[in-house]
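Colleague: Sequence plus the predicted model coming up.
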Amino acid sequence: MADNVELPSGSGGAIVATDDDGVAHHQYVKLEFGADNTQTKVSSANPLPVVAAANSGVDIGDVTINNAAGASGVPVQGGAATDAAVAGNPLLSGARASAAAPTDVSADGDAVPLWATLKGALNIADGGGTITVDGTVTASGPLTDAELRAVAVPVSGTVAVTNAGLTELAAAINGSSQMDVNIAASVGLVVDLGANNDVTVTGTVDLGATDNAVLDAIAASVAAIDADATTIIGHVDGIEGLLGTIDADTGSILTAVQLIDDTVQVLGTDTYTETTSKGITMGAVRRDADTTLVGTTNEFGPLQMDANGRLKVEAFSGEALPVTMTSTTITGTVAVTQSGSWDEVGINDSGNSITVDWAGSAPPIGAGVEATALRVTLATDSTGVVSVDDGGGVITVDGTVAVTNGGTFATQVDGAALTALQVIDNPVLVDDAAFTPATSSVMMAGFEADETGTDSVDEGDAGAARMTLDRKQIVTVQPHTAGGLTTFMASGSDGSSILVATAQVIKASAGQLYGYYAYNPEAAVSFVHFYNTAAASVTVGTTSPMFSIAIPAGSAANLSIPQGILFSNAGWSCAATTTAGGNTAPATGVSLVAWYA
């Protein structure tokens with residue numbers, strides 16, 4: 001594993017800072033403090049406030065005490081054994097070294113530092129009076145150093161002691177011995193800390209209620225922080241467990257989504273493969289009654305099926321429902337209700353008889369109107385004769401009836417038929433008769449689609465005209481003595497001007513260009529420009545031509561255009577230059593002939 005965790009895994013979400021120890025993730029947590037609805041981040045400028053517990057006897061272990069400014073502190077590691085070398089950073093009592101006597105504090109009860117000499121010896125002042133030593137002091141002359149060290153010397157009464165004397169006394173006392181000194185409340189005590197600048201305290205040091213309360217609060221805060229850290233580690237472990245569960249669930253979800261996605265097909269593209277393609281099973285609700293299961297339009301509703309599990313469907317009115325029916329034997333009476341018009345239905349009696357109930361009335365035989373008449377289909381493969389009696393009326397025959405004329409037919413022409421015949425007759429004109437536009441009638445002509453196998457006819461025969469498969473008429477151009485194209489010439493002969501950079505008129509109205517021939521006698525390429533613009537309006541080099549052709553030096557170019565190129569403007573023209581977009585005329589000019597209509 002690696003440090004840090006993404007939540008949720010693989011989602012691109014937030015990254016939670018953690019420390020991966022190879023077994024689990026341990027979340028990094030920043031401490032905040034403050035009243036309800038307020039948060040202050042712990043920093044050197046905003047340290048975590050703590051309250052010392054009331055019990056000064058709690059062992060809080062090793063702690064580091066910093067000053068208020070946040071400077072680096074010294075870890076306090078407990079006391080030191082008597083008559084043993086100092087190791088680590090034990091809690092020591094110190095004094096303020098000063099060569100000058102300290103000044104008085106402002107009031108009784110104020111805290112003051114001990115006053116030591118520059119060498120660390122405590123200074124004892126008598127406050128301008130005397131120093132009283134409790135006990136009995138028996139002196140019979142000067143005491144030797146050995147005598148002072150051997151037994152305790154009781155002192156009674158008042159003894160005047162100078163700083164120099166105390167310093168000498170302190171030097172004479174062995175480090176393993178002790179001297180009890182009762183200092184009056186009004187007198188300051190200066191302790192010389194010696195060369196090591198420290199004081200070793202044997203036993204318990206009572207720091208006072210206030211100091212003990214501060215240390216107790218620190219111990220309680222550290223214990224609370226330790227408990228919170230344990231809780232946070234538990235939460236991180238829980239989060240890691242959840243992340244593992246989420247990761248496993250994500251794999252299951254991915255598998256499920258992929259299975260669902262397998263049933264999605266692209267309409268018109270994907271094909272079905274047996275044992276490979278997947279689908280979703282759909283169910284329906286059994287509904288014996290043909291009633292709806294939805295309350296109003298636009299609501300969702302389930303599919304319905306009958307008691308046999310067959311899906312119910314309904315053919316709407318006007319819709320054609322393709323149904324394939326097999327032969328079915330029906331016994332008894334079948335009620336048939338007509339809906340719309342009926343087509344003919346073939347009924348096989350299977351060698352028996354079919355009885356039709358005419359609702360208690362006689363069937364319409366030989367009488368009645370067409371709407372209620374009995375319709376009968378006659379067999380076409382029978383040689384029998386059917387007699388038809390019109391009952392003194394008229395017999396209507398639907399469809400086409402083949403009639404053999406056994407004599408002379410009387411012709412009867414009614415109004416509609418006569419009109420139709422006259423309309424058909426209108427396009428029929430006498431050969432070489434006059435045709436009047438918008439008055440004379442014409443009849444649409446059809447052509448035979450024929451692009452490969454040309455069919456021929458004999459001289460004088462009638463035949464169908466040919467067309468392509470995309471309905472274009474096929475024609476062959478034949479020479480004719482009348483009509484034809486008009487010639488434009490700019491060759492410098494027969495009175496024409498050779499083509500240079502001045503536009504010349506080809507035609508003063510709209511027309512078609514069907515071909516051209518151009519000769520360039522120059523030593524360099526020349527360009528011929530055709531403009532869909534009247535010559536008077538052309539500025540060579542500025543006006544855009546419809547098209548331009550480049551003719552190599554000393555060469556000619558020609559092109560036949562059977563379909564023609566349309567020039568739609570009322571006047572079109574041409575000119576020649578030495579460059580494609582310039583207006584410099586060739587030195588000699590270009591000889592051009594064009595055919596147009």
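Modeller: That came through, no problem. Numbering: from 1, shown residues only.
Colleague: When you work out contacts or count neighbours from here on, use the C-alpha atoms and nothing else.
Modeller: OK.
Colleague: where do the helices sit along the protein?
Modeller: 145-150, 163-172, 209-262, 415-425 (DSSP state H).
Colleague: which helices and strands sit right next to the longest one?
Modeller: Packed against helix 209-262, as judged by 3 or more CA pairs under 8 Å, 6 or more residues apart in numbering; DSSP states H and E, are the following elements: strand 25-27.
Colleague: again, 10 Å this time
Modeller: strand 5-7, strand 25-27, strand 63-65 (3 or more CA pairs under 10 Å, 6 or more residues apart in numbering; DSSP states H and E).
Colleague: Kindly reformat the helices of the chain as a markdown table containing distance to F447 and mean pLDDT.
Modeller: Putting those into a markdown table (distance: least, CA to CA, whole Å; pLDDT from 0 to 100) gives the following:
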| stretch | distance to F447 | mean pLDDT |
| --- | --- | --- |
| helix 145-150 | 152 | 56 |
| helix 163-172 | 146 | 60 |
| helix 209-262 | 56 | 82 |
| helix 415-425 | 20 | 80 |
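Colleague: Leaving out the residues flanking it, which one is nearest to S496?
Modeller: A490 (5.3 Å; CA to CA, 6 or more residues apart in numbering).
Colleague: For the lengthiest strand in the chain, buried residues please.
Modeller: Longest strand of the chain, by residue count under DSSP state E: strand 555-567. By neighbour count on 16 or more other CA atoms under 10 Å, the buried set for strand 555-567 is F567.
Colleague: what sits up against it?
Modeller: The contact list for strand 555-567, computed with CA atoms under 10 Å, 6 or more residues apart in numbering, reads 507, 509-526, 530-533, 546, 549-551, 573, 590-597.
Colleague: That one pairs with which strands, parallel or anti?
Modeller: strand 511-520 (antiparallel) (DSSP bridges).
Colleague: Could I get the average pLDDT for the partner strand?
Modeller: The predicted model gives strand 511-520 an average pLDDT of 97.
Colleague: Would you mark the buried spots in that strand?
Modeller: Buried, per 16+ other CA under 10 Å, within strand 511-520: G511, Q512, L513, Y514, G515, Y516, A518, Y519, N520.
Colleague: How about stretch 221-232?
Modeller: Here stretch 221-232 shows S221, I232 as buried, counting by 16+ other CA under 10 Å.
Colleague: before we move on, the earlier item: which of the contacts of strand 555-567 count as buried?
Modeller: Buried among these (16+ other CA under 10 Å): 507, 511-516, 518-522, 525-526, 530-533, 550-551, 573, 590-597.
Colleague: Strands of the stretch 351-500 of the chain, residue ranges please.
Modeller: 448-449, 466-467, 486-490 (DSSP state E, counting those that start in this stretch).
Colleague: okay if I get the ones you listed as JSON lines plus mean neighbour count?
Modeller: As requested, these are arranged in JSON lines below (neighbours: other CA atoms under 10 Å):
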{"stretch": "strand 448-449", "mean neighbour count": "16"}
{"stretch": "strand 466-467", "mean neighbour count": "18"}
{"stretch": "strand 486-490", "mean neighbour count": "18"}
